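Trainee: task: produce atomic coordinates for the following.
(one chain, ligands or ions: 3)
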Amino acid sequence: MNILVINAGSSSVKYQLFNMKQETVLAKGRVERIGMETAILVHEPAGKSDVSEVSEILEHTSAIRRVLDILVSKDHGVLDSIDQIDAVGHRVVHGGESFKNSVLVDEDVKKEIRRLFDLAPLHNPAHMLGITAVEVNMPGVPQAVVFDTAFHQTMPSHAYLYPVPMALYRKHKVRRYGFHGTSHKYVSERAAKFLGRPLEQLKLITCHIGNGCSCAAVLGGVSVDTSMGLTPLEGLMMGTRSGDLDPAIVPYAMAKEDLTLSEISSMLNKHSGLQAISGLSSDMREIVEAMEAGDKNAALAFDMYEYRIRKYIGAYAAAMNGVDAIVFTAGVGENSEVLRKKVCQQLTYLGIELDEERNRSGRGTEKAITTEASSVQVLVIPTNEEWMIAMDTYSLVQAD
Ligand SMILES: Nc1ncnc2c1ncn2[C@@H]1O[C@H](COP(=O)(O)OP(=O)(O)O)[C@@H](O)[C@H]1O
Ligand SMILES: CC(=O)OP(=O)(O)O
Ligand SMILES: [Mg+2]
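Mentor: Numbering: from 1, shown residues only. Ligands and ions are numbered 1, 2, ... in the order given. Down below sits the predicted model:
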């Protein structure tokens, strides 16, 4: 069985095609800059050379049509026909309280994803476009959705409730949901395997540090707390998102700067974080480069970002009354040795001892970056949300 996994963002579509029996990736790639004349498709077929094409791709239906075309093309394809795709799995960021597990798409599921647009404005509308594009381009093919929120549905009420009038929860379901759950779950399972210990006995802190960033406290394989909240804005400082701030800043800034609700929301989601403090970029690679060249604002942005990760690690060690291992994953967590080093150097109170050579070497592989003597292990585990989505889709389609 072949399964196509789609992670549709507002202006991009990432995809991976899996052969489930052989557990292989047949192809992967991404379409970026959707909506522009110079959209770019980067396609990496297994066993053939990578290709990139620039063309006008104005919306998600055309983007997915282009992906399907290249998957069957003579020169760059890996399938004879689209009919060889048996099912499609989608990443969906917000599933609210309705979805504790992955599900097959039907009219009710689509209605619920739409109802949650307000709570994940950067993500859910794009996922819905992806689902519709598959319906148009591949009618009748079963689709499954895998929610970022599902893994965190195990949090106890003292962790997921906010100390505000309960009517907000009862009437409007205002609570902490948490995101990146597929990634936190995957790296927790891999960490247990790597350590050679049962997941049920481990206290893990998983740090998904990418464009969006979140930490999770994973006790015995179950999420008991996480830093993102009602929406993916709370918690750590991110590329363009502020993360935690005093809620009183919102009405104060609105009054002082004469901002509307949508303007302040856009400020906190799209024009804050690394981008705002550095005045330079939301990309950690550029921040580190500028910092090393002596740029003060880039250094301040880096310090704030790193400090907040360290504060959450301390909080979650307290929440679980201890920690066995800390895991770094996602774009920054997997690749930025300088960030990991700065975080670990200030965690000696936990008995953490960084091995600088291990931290520097072996990019892209699962590894420990602490010494044998370190009482808490720090691991780097490349995440694989797409494989988790493919596995869930496979089980759902087989059970149907
Ligand atoms: N070598 C690197 N050093 C530091 N940061 C990196 C490196 N490679 C990628 N990144 C960071 O990873 C981020 C993207 O992470 P990723 O997990 O792919 O995000 P998303 O899935 O949200 O698009 C980029 O913004 C970039 O800052
Ligand atoms: C939920 C979230 O923030 O996702 P991403 O990191 O892909 O933006
Ligand atoms: Mg991501």
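Trainee: strands along the stretch 1-150 of the chain, start to end?
Mentor: Using DSSP state E, counting those that start in this stretch, the strands of the stretch 1-150 of the chain run over 2-8, 13-19, 24-32, 36-45, 51-57, 87-92, 103-104, 143-147.
Trainee: and those as JSON lines, adding mean pLDDT, distance to ligand 1 and mean neighbour count?
Mentor: (Glycine included, C-beta is placed from N, CA and C.) Formatted as JSON lines, the strands of the stretch 1-150 of the chain follow (pLDDT from 0 to 100; distance: least, Cβ to the nearest ligand atom, whole Å; neighbours: other Cβ atoms under 10 Å):
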{"stretch": "strand 2-8", "mean pLDDT": "96", "distance to ligand 1": "8", "mean neighbour count": "25"}
{"stretch": "strand 13-19", "mean pLDDT": "96", "distance to ligand 1": "8", "mean neighbour count": "22"}
{"stretch": "strand 24-32", "mean pLDDT": "96", "distance to ligand 1": "9", "mean neighbour count": "20"}
{"stretch": "strand 36-45", "mean pLDDT": "93", "distance to ligand 1": "13", "mean neighbour count": "17"}
{"stretch": "strand 51-57", "mean pLDDT": "93", "distance to ligand 1": "17", "mean neighbour count": "14"}
{"stretch": "strand 87-92", "mean pLDDT": "98", "distance to ligand 1": "10", "mean neighbour count": "26"}
{"stretch": "strand 103-104", "mean pLDDT": "98", "distance to ligand 1": "23", "mean neighbour count": "18"}
{"stretch": "strand 143-147", "mean pLDDT": "98", "distance to ligand 1": "15", "mean neighbour count": "27"}
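Trainee: spatially nearest residue to residue 331 (excluding sequence neighbours)?
Mentor: Once flanking residues are discounted, residue 331 sits nearest to residue 210: 4.2 Å by Cβ to Cβ, 6 or more residues apart in numbering.
Trainee: quick one: residue 50 and residue 41 touch, right?
Mentor: No - Residue 50 lies out of contact with residue 41 (Cβ atoms under 8 Å); the separation is 10.9 Å.
Trainee: hmm, stretch 351-367 touching ligand 1?
Mentor: No - using Cβ under 6 Å from any ligand atom, we find that stretch 351-367 stays clear of ligand 1, coming within 8.2 Å at best.
Trainee: next, the buried residues of that stretch.
Mentor: 352, 353, 354, 355, 358, 359, 366, 367 (16 or more other Cβ atoms under 10 Å).
Trainee: tell me the contacts of the first one?
Mentor: In other words, residue 352. Contacts for residue 352 were tallied using Cβ atoms under 8 Å, 6 or more residues apart in numbering; they are 326, 344, 370, 374, 375, 376, 378.
Trainee: which one is the fifth one nearest to, not counting chain neighbours?
Mentor: Take residue 375 and drop its neighbours on the chain: the residue closest to it by Cβ to Cβ, 6+ apart is residue 351, 3.1 Å away.
Trainee: what's the spacing between that neighbour and residue 379?
Mentor: For residue 351, the distance to residue 379 equals 15 Å [Cβ to Cβ, to the nearest Å].
Trainee: before we move on, what about residue 75?
Mentor: For residue 75 relative to residue 379 (Cβ to Cβ), the value is 40 Å.
Trainee: so how far is stretch 364-377 from its chain's centroid?
Mentor: The chain centre lies 23 Å from the centre of stretch 364-377; the measure is Cα atoms, centre = their mean, to the nearest Å.
Trainee: just the mean pLDDT for the longest helix seen in the chain, thanks.
Mentor: As assigned by DSSP state H, the longest helix anywhere in the chain is helix 296-319. Here helix 296-319 scores 98 as its mean pLDDT.
Trainee: next SSE after that helix?
Mentor: With elements assigned by DSSP states H and E, the helix or strand that comes after helix 296-319 is strand 325-329.
Trainee: pull the residues that contact that following strand.
Mentor: 183, 187-188, 191, 195, 202, 204-209, 313, 334, 340, 347, 352, 376-383.
Trainee: next, the contact list for residue 273, please.
Mentor: By Cβ under 8 Å, 6+ apart, the contact list for residue 273 reads 237, 238, 239, 240, 241, 242, 243, 282, 305.
Trainee: and with 6 Å instead?
Mentor: 237, 238, 239, 240, 241 (Cβ atoms under 6 Å, 6 or more residues apart in numbering).
Trainee: burial measure for the first one, as a count.
Mentor: Just to be clear, that refers to residue 237. Around residue 237 there are 22 other residues, counting by other Cβ atoms under 10 Å.
Trainee: that one: what secondary structure?
Mentor: With DSSP: H, G, I helix; E, B strand; the rest coil as the basis, residue 237 sits in coil.
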